[in-house]
Structures are given as C-alpha cells and as structure tokens.
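Chemist: The sequence and its predicted three-dimensional model are supplied below.
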2 protein chains.
Amino acid sequence: MTNIKDLAKMSGVSVSTVSRVLNNHPYVSAEKKAAVLKAIECTNYNRNINAVHLSRGKTQLMGVVLPVTDTPYFALLLKGIAKRALENDYKLVLFQIDYAEEKEIEALQMLKQKQIDSLIICSRKCELALIQEHIQYGTIVLCEKTTEKSLPSVFIDHYEIFFQALEYLYQKGHKKIGYSVGRKTGSNSSLREQAYRDFLEKYKLPFYSDYIMDDCLYFEDGEKVMQRLRSMDIQPTALIITSDQVAAGIMIECQKEGISIPEQLAVIGFNNEPIAKMMNITTIDIPLVELGGDLFLQAYHGYNSNKQISVKLIERETV
Amino acid sequence: MTNIKDLAKMSGVSVSTVSRVLNNHPYVSAEKKAAVLKAIECTNYNRNINAVHLSRGKTQLMGVVLPVTDTPYFALLLKGIAKRALENDYKLVLFQIDYAEEKEIEALQMLKQKQIDSLIICSRKCELALIQEHIQYGTIVLCEKTTEKSLPSVFIDHYEIFFQALEYLYQKGHKKIGYSVGRKTGSNSSLREQAYRDFLEKYKLPFYSDYIMDDCLYFEDGEKVMQRLRSMDIQPTALIITSDQVAAGIMIECQKEGISIPEQLAVIGFNNEPIAKMMNITTIDIPLVELGGDLFLQAYHGYNSNKQISVKLIERETV
C-alpha cells in the first residue's frame, strides 16, 4: 500500500508537507499541494480512500435518515433518492433508525465529522434547533414544510391535502370522518390534525379522539383499523387512510365482512400506488419517486430553498 | 479543528510520528502509537473522522448491494440487516443499483479502498471470480448457495423449495404448472429452472418456455401474469409465484374476471408476507428479516461459513 513516504517521494516534497496537505493545513503552497494531490491520484493502486477524503474534503457519501424502508412511502422516497445518487455517482449511508433519536444525532455527528457530505432527513424525531446547529457542517435537507427559511426542504403540504380530502368527503355527504396515520407525533401529522380540527370547526362537527388512528403503516393494519371501528359507539362513515396499502387491507377486510364500499364506508387512500389503481381506490396522488429525487438534488447541489411538490386527488370507486 | 500538530503536542511525539500512526506505518513503537491514538480519542471535538479511520483501519461502515428496496423480498432483507446494524453501531452504505454491473464493481472497490469494512451482496450481477479476488480486503457475504467454500453466505435452497412446491402441486393433480420470477438470470433463478426441468423430467411432462414468466416483482405484475396466461394456447392450471405481492395481484385480477381460485387456477406465493395471511394465500414461509440479520452478523463477525436457512410450505386456500 502506498504510504505517506511514497507520496512525498513522488511529489518531491517532504513527508511533513504531505501530511499538511492530507490534513488541509493552510501553510502549504498551491504548487506543492497540487504535486501531492497528483501523486495521490496516480497511486490509486490500493490507496486508502480515507486519505483521499482527507485531501479532498469530500466523501461522495450522502446520509439518509428514515424510520423504515419496508413501507411504500419510504421505499419509494428511497428509490427516488437512490436513482439520483446512482446518476450522480454518490453513495448513500442509510440510517434506518425507527425514530431512535440518539441515532439521528449520530447522523448529524457524522456530518460534523465529515464522514458524509450531506444529509437527507425523510422524517425526524430531533428538534429543529438541533438540526439547525449542524447546517454549518454540510447541507441538510428535510422532507417537511419548514417555516424556518435557513433549512432547505422538499415537501408536500399535508395541511392543504388533508383539508382538501375532508372537504371532498363532506361534499359527498360525510360528516363522521376518521383517519389513520403512521404516528401521531411528527410535523406532518401535526399539520394533518390541525387541518382536521379546522375542518370540524368550520362545519361545527364534534371531535372524537378515537377517530384518529395511529400506527397504521402496512397492508395488515387494515384489519386493525376495522377492529377499532367495530369498538366505536359512533362509527365514522368515511376514512382518510394515509397509505394505499392500509386502504387495500381495509377493502379486503370489508369484503370478508360483507361491508360494501363506498355505500357503507367511504375510503380515500394516499400515494396512488399501483395497488390503488388495481383495486380502484380513490386516492391522493403523491409523486414519491420524484420527491425523493428532488431531495437528493437539493442535498447534492446544496440549494438553500423550500420546494413544494403538488399532489392531486384521483377519483375512483371508493368514495 | 484539531490538526496533526495538535495531536503531536498532546501525545508528546513528533508530527512525523503522528503521521506514521495515521498511515499505519510499521516503524512506530507501541508506546508512541498508544499515545497518539489516545490523543485522537481525547480530541473528538470536531475531529475529522477520516483521520480516525486511517488510524483504526475501521470505518464502522458496511456496504449492502441490492437491486431495489421497494419489493418486500429486498425491503425485508434490508430491514433485518438494518436492525442488526443498529444494535451493533454500524452504518450501512446502500448500493441500490438495479444490477448495474459497474456499480457492483464500485462497491468491491470501496472495500478494497477501505471505505467500507465489509460487504453484503443480496443479489449479484458480477462473476463469482471477481468477488473472490476481493475477499482479501474484507468480508464479503452472499445471499445465495455457493459451492465455493471460500465465500461466506447465508442462503435458502431455491432448488429444494421449488422442487417441493412442484411436487405438492403434482400431488394435488396439477400437471401444467407455470411460474414467475423477478429475473431469469441470476443464480437463484437458475436453481429454480433446474428444479423445474428435473421435475418435468421425473414425471415425463412437456416443457413450455412461456410457462416461465420473468419481470414479476410488484403487486401490479399480477395483471401482467394474467395477460400472459390468456395469450397461451395451453394454459397452466397452477402457478408458483415467487412473491406474495404478485400472487395477491393475481387474486384481485381473477376476482375481477370471475376466475375461481383454486378451482380454475391454483396459486402458491412466496415469503409468507402479511398480505398472504390476510388473503389466505398458500405460500412458502421465508424468514427474510432473520435472513437479513444473519447476513449482517456473518459480515460483522467475519465468519467464513455457509449457513442455510430453512423454509416451509404454509397450506392455506389457494391450492
């Protein structure tokens, strides 16, 4: 393996100069630095890439924080990120950490320690303030609507979408509307709840806390939703389900139980996954792969902007 | 930021000695090396982790090569790998590369360049010989049955499983059996085809090449399978579908078309995903999360063994 001595010999400088270059020490002439970097380039046989990263200040690694990868929402975001990473010769360091806050902090520390060049946080547990402390070390892009302009983001407006879906159901005659989410905490779900409460307020409708169902992420959670519905004194006549997979699970359950959709229960899914098309589920079309791609590009280019991705309601046969 | 000079001062050695330690140069006394490493530990304030990796020879990064992450098979493997990585304080570098061979080679090169400590290849495009050339640089674990003992692996025996599923369908009276896979090439699908041909040979049954359907990975591919079936002169009476998602898609299509399962078409799925349980699909139970966890542990510990994971047929209502 090429060592620092070989590099010194090749570039015609002292070992100390090589180590200065490797450590980004300021007192090295441009000429000598160029000679050392050229030697590093030439000796790519078995070079230790960590030395190269030291010299370049870039790792070509981007961190991605997400809770899970086995739900369509996060899998499709990751697909979009990975596609753009492939095109731009970047590797992804995956933090699939299921909202473990200390692991999210580790991701921020890796950015600080220059082990990754930038970081995408698809869904966070950390306070925004902590994230903001780390933007000096590299680009951090969030996938949520940030009021704080200093934090770049690519997002969909969950408040607006939810309000629109609720209005749509109301126009179709529904006044008892429940909904399901992955988790109740988190900025996206806070916006959804705000939209829900504002909607109830607008039409003077009562609030039932059990109409908000959390921990619904997978196809099989459709069974859970139907169990919860059965336990309610006043059952909702319509549901907004923030995952087409869960909505499809609800349809299968309703089929088994002889509940007809949309006559007895209306359902709006989310994402417009292929399963929604095949099962004719009315849904919100969210271009997740493109959203993921935009997250990558924003992190890659270091754009400091807040980009909103638009979505639309797809009317099919479940409302 | 702490630089090489600070480290030298703190550890009471010369700058050259620090650089020798950072570059793993042999001619440094154990005592001096320990002093430098201690100084590196103490100055974790803003340290450049790449310098630490140089000194430790470890990155705490493990590479994972897979084609996609948005199918249950790979998503669940990754879930198992990520779970164990989290427990063992390792980060994953994701190569979601859709069988781009040059990107697979890049992953091998990252191992060679010590940018990652080890590599899991969930599904490969590269020749085994090329992979074998790289085992000198770090542990590489494959997720396939390798006859070559020098390559560690955790695998399921696709030949055995396929033969067992075919025999099961034959005992139920089926002689025209088709099957679907993700891709026809690849070592797992080669084993499946061998099992299929051996089965046909055993019972003196004819081979129809269109009975082997590839590119079937997602729920919506169930529609494609049914379209292909309609175009066949002699249609199969039973299908082995190497994904419960695709099998579920087939069931939805059959429901729409009034084809009754299992009377008119028998279906065996793969993986035993929750969707298979909810839709009562007969399937092969494959513990993918555990398999992923074992892949991680083998790479982490550097075990040089070949571990087979056993699977079983779950009888439900589609055969």
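Modeler: In hand now; what should we look at?
Chemist: Quick check: the gap between residue A:187 and residue B:112.
Modeler: 42 Å (CB to CB, to the nearest Å). All C-beta atoms are positioned from the backbone trio N, CA, C, and that covers glycine.
Chemist: Revised request: answer the last question for residue A:143.
Modeler: Residue A:143 is 34 Å from residue B:112, by CB to CB.
Chemist: same thing with residue A:204?
Modeler: 68 Å.
Chemist: Who has more neighbours out of these two?
Modeler: The residue with more neighbours, out of residue A:204 and residue B:112, is residue B:112; 18 against 7, by other CB atoms under 10 Å in any protein chain shown.
Chemist: in the helix or strand containing residue A:191, what counts as buried?
Modeler: If you go by DSSP states H and E, residue A:191 is part of helix A:187-202. Buried residues in helix A:187-202, defined by neighbour count with 16 or more other CB atoms under 10 Å in any protein chain shown: A:187-189, A:191-193, A:195-196, A:199-200.
Chemist: next one: stretch A:220-229
Modeler: For stretch A:220-229, the neighbour count (16+ other CB under 10 Å) marks A:220-226, A:228-229 as buried.
Chemist: Just the CA coordinates for it, please, in CSV.
Modeler: Taking C-alpha atoms only, stretch A:220-229 is exported to CSV below (Å, rounded to 0.1, in the frame of the first residue of the first chain):
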residue,chain,number,x,y,z
GLU,A,220,-52.3,-5.9,7.5
ASP,A,221,-53.0,-2.8,9.5
GLY,A,222,-56.3,-2.6,7.6
GLU,A,223,-57.5,-5.4,9.9
LYS,A,224,-56.6,-3.3,12.9
VAL,A,225,-58.5,-0.3,11.6
MET,A,226,-61.6,-2.3,11.1
GLN,A,227,-61.3,-3.8,14.6
ARG,A,228,-61.0,-0.3,16.0
LEU,A,229,-64.1,0.8,14.1
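Chemist: State the mean pLDDT of it.
Modeler: Stretch A:220-229 shows a mean pLDDT of 96.
Chemist: burial of residue A:33, as a residue count?
Modeler: Counted with other CB under 10 Å, residue A:33 comes out at 19.
Chemist: Within the helices and strands, which one has it?
Modeler: helix A:30-42.
Chemist: Look up phi and psi at residue A:303.
Modeler: phi -60, psi 140 (degrees, to the nearest 10).
Chemist: Next up, the contacts around it.
Modeler: A:152, A:297 (CB atoms under 8 Å, 6 or more residues apart in numbering or on different chains).
Chemist: can you check residue A:308 too?
Modeler: Applying CB under 8 Å, 6+ apart, the residues contacting residue A:308 are A:145, A:155-157.
Chemist: again, 7 Å this time
Modeler: A:155, A:157 (CB atoms under 7 Å, 6 or more residues apart in numbering or on different chains).
Chemist: For it, give its distance to residue A:144.
Modeler: 11 Å.
Chemist: what touches both of the two?
Modeler: With CB under 7 Å, 6+ apart as the test, residue A:308 and residue A:144 both reach residue A:155.
Chemist: What average pLDDT does the helix holding residue A:191 get?
Modeler: So the average pLDDT for helix A:187-202 ends up being 96.
Chemist: Is stretch A:107-119 in proximity to chain B?
Modeler: Yes - judged by CB under 7 Å from any CB of the partner chain, stretch A:107-119 comes into contact with chain B at A:112-115.
Chemist: which among those gets closest to residue A:162?
Modeler: residue A:112 (35.8 Å; CB to CB).
Chemist: got the residues of the stretch 101-250 of chain A near chain B?
Modeler: A:103, A:112-115, A:218-220, A:223, A:249.
Chemist: what do you get if the cut-off is 8 Å, keeping everything else the same?
Modeler: When proximity is defined by CB under 8 Å from any CB of the partner chain, the stretch 101-250 of chain A lies next to chain B at A:103, A:110, A:112-115, A:218-220, A:222-223, A:249.
Chemist: Dump those residues to JSON lines, plus secondary structure.
Modeler: Shown next, in JSON lines, are these (DSSP: H, G, I helix; E, B strand; the rest coil):
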{"residue": "A:103", "secondary structure": "helix"}
{"residue": "A:110", "secondary structure": "helix"}
{"residue": "A:112", "secondary structure": "helix"}
{"residue": "A:113", "secondary structure": "coil"}
{"residue": "A:114", "secondary structure": "coil"}
{"residue": "A:115", "secondary structure": "coil"}
{"residue": "A:218", "secondary structure": "coil"}
{"residue": "A:219", "secondary structure": "coil"}
{"residue": "A:220", "secondary structure": "coil"}
{"residue": "A:222", "secondary structure": "helix"}
{"residue": "A:223", "secondary structure": "helix"}
{"residue": "A:249", "secondary structure": "helix"}
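Chemist: which one among the residues you listed gets closest to residue B:211?
Modeler: Looking across these and measuring by CB to CB, the closest to residue B:211 is residue A:219, at 28.8 Å.
Chemist: my read: that closest one touches residue B:278, true?
Modeler: Yes - Residue A:219 is within contact range of residue B:278, at 6.8 Å (criterion: CB atoms under 8 Å).
Chemist: And the two? Which one has more around it.
Modeler: Taking neighbours as other CB under 10 Å, residue A:219 and residue B:278 compare with residue A:219 leading, 29 against 18.
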